[in-house]
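Kindly generate the corresponding structure for this input.
(one chain, ligands or ions: 2)
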Amino acid sequence: EPEMSPTFQLLLGWADSTRRMNVRANADNGADAAKAVEFGAEGIGLCRTEHMFMDPARIPVVRRMILADSKRKREEALAELLPMQRQDFEEIFEAMEGRPVTIRLLDPPLHEFLPDKEELLIEVTTLELTGDAPEKLAEKKQLLDAVKHLEEANPMLGHRGCRLGMTHPEIYAMQAEAIFLAAGQVHAKPEIMVPLVSHVNELKAVKAVIEREAERVQRETGVHVDYTIGTMIEVPRAALTAAAIAEEADFFSFGTNDLTQTTFGFSRDDAEGKFLRQYVDQETLEYNPFVRLDEEGVGRLVEIGAHDGRSVKPELKLGICGEHGGNAKSIHFCETKQLDYVSCSPFRVPAARLAAAQAAIMHQAEKEVQPS
Ligand code: PEP
Ligand code: MG
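Ligands and ions are numbered 1, 2, ... in the order given. Just a heads-up that it's a prediction; the model follows:
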């Protein structure tokens, strides 16, 4: 944990009065949100809701929801998840005490929710060999077929983010309902974020689902919730079509983890731990693209997205929530592109506050040397 001595607090106070960008944290539950506030986070820039679904107690329901062979069964599972999601969001809103909270709708690598295919295969083979329990065999075979159908060669490039929201709108409807119920309860103003958008039509489709739920919850509870809807910019096509997307968005959050994966064509699950190690400087991580924003690559897409988005909507709020948001040099890059906030893990917040102050001073100095 960072040392939070009175002297360090004083230094952070000076940094806070110097920096221009806000510093938020990535947090997925009430405890992390409270930690984030302790470290000085001014909001949550990214709440990844998939982690909530991975709670072992919920996995069986989540599986039933994903593997359901009818809409009715899926809705039954979702109805079981609704009160849990509502509780998740209430805890986070409470911990944040009115600070902004960006909740991202489900963005699962789908395979992480599925039962293990190898185990299922063994069960099916055993049932076939013993020849008893034919109903059980039929049931297992059906499950195996469903798993095979959802299995993907590249799940990180597959059926995730808003793509799942498009094929299973009832999942996002449940999450939106939980957000509005929780926000109504604790008077929060949620920022709802759509993952993996690559075209404005995807955002439009998901927005329609969210707005319908907002109206329904307001009608049924009589409580009005103020909210905004924005999108992740995390695939090149989104950055390149940012002007059109901005028409439909209140904010953009650059997801530089996926943006790096898709810009470089590096697998984010493999590259860092494997071949990248052979040519990344381990001491400084200077050239690790998953840490450093690079003017020539991902950074250029951030610049295009920010510029084109703001050109149609000057008030568009812009932030970054990938790993880069906690790296001092990347934070400097964000300052040069005039982003509104960076968001990083709670433990990196104090360092990010200092880095944002230094970036503001340096950027000001750079402008004075080279007036534009
Ligand atoms: C990102 O892609 O940069 C991001 C913040 O989302 P995730 O890491 O959850 O994919
Ligand atoms: Mg992402």
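
Excluding chain neighbours, what is closest to Leu181?
Arg86 (5.0 Å; CB to CB, 6 or more residues apart in numbering). Where you see a C-beta, it was placed from the backbone N, CA and C, and this is true even at glycine.

got a list of what the one you found touches?
Applying CB atoms under 8 Å, 6 or more residues apart in numbering to Arg86 gives the contacts Ala178, Leu181, Ala182.

what about the strands in the stretch 1-150 of the chain?
Ranges of strands within the stretch 1-150 of the chain are 22-26, 44-48, 101-104, based on DSSP state E, counting those that start in this stretch.

Look up how far Lys148 lies from the residue in the stretch 1-150 of the chain positioned nearest to ligand 2.
Going by CB to the ion, ligand 2 is nearest to Asp107 of the stretch 1-150 of the chain, at 6.3 Å. For Asp107, the distance to Lys148 equals 23 Å [CB to CB, to the nearest Å].

same deal with Glu234?
28 Å.

who's more crowded, the two?
Neighbour totals were compared for Glu234 and Lys148, and Glu234 leads with 28 against 12 (other CB atoms under 10 Å).

Now do the residue nearest to that one when sequence neighbours are not counted: how many residues are near it, please.
Leaving aside its chain neighbours, Glu234 sits nearest to Gly255 (3.1 Å; criterion: CB to CB, 6+ apart). Gly255 is flanked by 29 other residues according to other CB under 10 Å.

list the contacts for the residue of the stretch 1-150 of the chain closest to ligand 2?
Neighbouring residues of Asp107 by CB under 8 Å, 6+ apart: Arg48, Thr49, Glu50, Arg160, Gly161, Leu164, Pro195, Leu196.

Could you pull up the contacting residues of the fourth one?
With contact set as CB under 8 Å, 6+ apart, Arg160 has these partners: Asp107, Pro108, Pro109, Leu110, Pro195, Leu196.

Could you find the closest non-adjacent residue to the second one?
Right, Pro108. Glu50 (4.5 Å).

how much space between the one you found and Arg212?
For Glu50 relative to Arg212 (CB to CB), the value is 23 Å.

Pick out whichever of the two has more residues nearby.
Comparing Glu50 with Arg212 by neighbour count (other CB under 10 Å), the higher total belongs to Glu50, at 18 against 14.

Measure how the helix ranked longest in the chain sits relative to strand 22-26, angle-wise.
The longest helix of the chain (DSSP state H) is helix 71-96. If you take axes from the mean of the first three to the mean of the last three CA atoms, to 10 degrees, helix 71-96 sits at 130 degrees to strand 22-26.

Any buried residues in helix 71-96, and which?
Neighbour-count burial for helix 71-96, with 16 or more other CB atoms under 10 Å as criterion, is recorded at 74, 77-78, 80-81, 84-86, 88-96.

For ligand 2, tell me which of these show up nearby.
Checking the buried residues of helix 71-96 against ligand 2 by CB under 5 Å from the ion, not one of them is in range.

Give me the neighbour count for Ser166.
No Ser there; residue 166 is Met. Neighbour tally, Met166, other CB under 10 Å: 15.

contacting residues for it?
Listed by CB under 8 Å, 6+ apart, the contact set of Met166 reads Glu202, Ala205, Val206.

got it, and Leu181?
Arg86, Val217, Thr221.

Sticking with it, tell me its helix or strand.
helix 169-186 (DSSP states H and E).

same thing with Asn201?
With DSSP H and E as the test, Asn201 turns up in helix 200-221.

Please tell me how far that helix is from the chain's geometric centre.
19 Å (CA atoms, centre = their mean, to the nearest Å).

For it, output the C-alpha coordinates as PDB.
Taking Å, rounded to 0.1, in the frame of the first residue of the first chain, the C-alpha atoms of helix 200-221 are listed here in PDB:
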ATOM      1  CA  VAL A 200     -22.900   3.800 -33.700                       C
ATOM      2  CA  ASN A 201     -25.800   1.400 -34.500                       C
ATOM      3  CA  GLU A 202     -24.600  -0.900 -31.700                       C
ATOM      4  CA  LEU A 203     -24.700   2.000 -29.200                       C
ATOM      5  CA  LYS A 204     -28.200   3.000 -30.500                       C
ATOM      6  CA  ALA A 205     -29.600  -0.500 -30.000                       C
ATOM      7  CA  VAL A 206     -28.200  -0.800 -26.500                       C
ATOM      8  CA  LYS A 207     -29.300   2.800 -25.600                       C
ATOM      9  CA  ALA A 208     -32.900   1.900 -26.600                       C
ATOM     10  CA  VAL A 209     -32.800  -1.000 -24.100                       C
ATOM     11  CA  ILE A 210     -31.400   1.200 -21.300                       C
ATOM     12  CA  GLU A 211     -33.900   4.000 -21.900                       C
ATOM     13  CA  ARG A 212     -36.800   1.600 -21.900                       C
ATOM     14  CA  GLU A 213     -35.800   0.300 -18.500                       C
ATOM     15  CA  ALA A 214     -35.300   3.800 -17.200                       C
ATOM     16  CA  GLU A 215     -38.800   4.700 -18.200                       C
ATOM     17  CA  ARG A 216     -40.300   1.500 -16.800                       C
ATOM     18  CA  VAL A 217     -38.500   1.800 -13.400                       C
ATOM     19  CA  GLN A 218     -39.600   5.500 -13.100                       C
ATOM     20  CA  ARG A 219     -43.200   4.500 -13.900                       C
ATOM     21  CA  GLU A 220     -43.200   1.600 -11.400                       C
ATOM     22  CA  THR A 221     -41.400   3.300  -8.600                       C
END
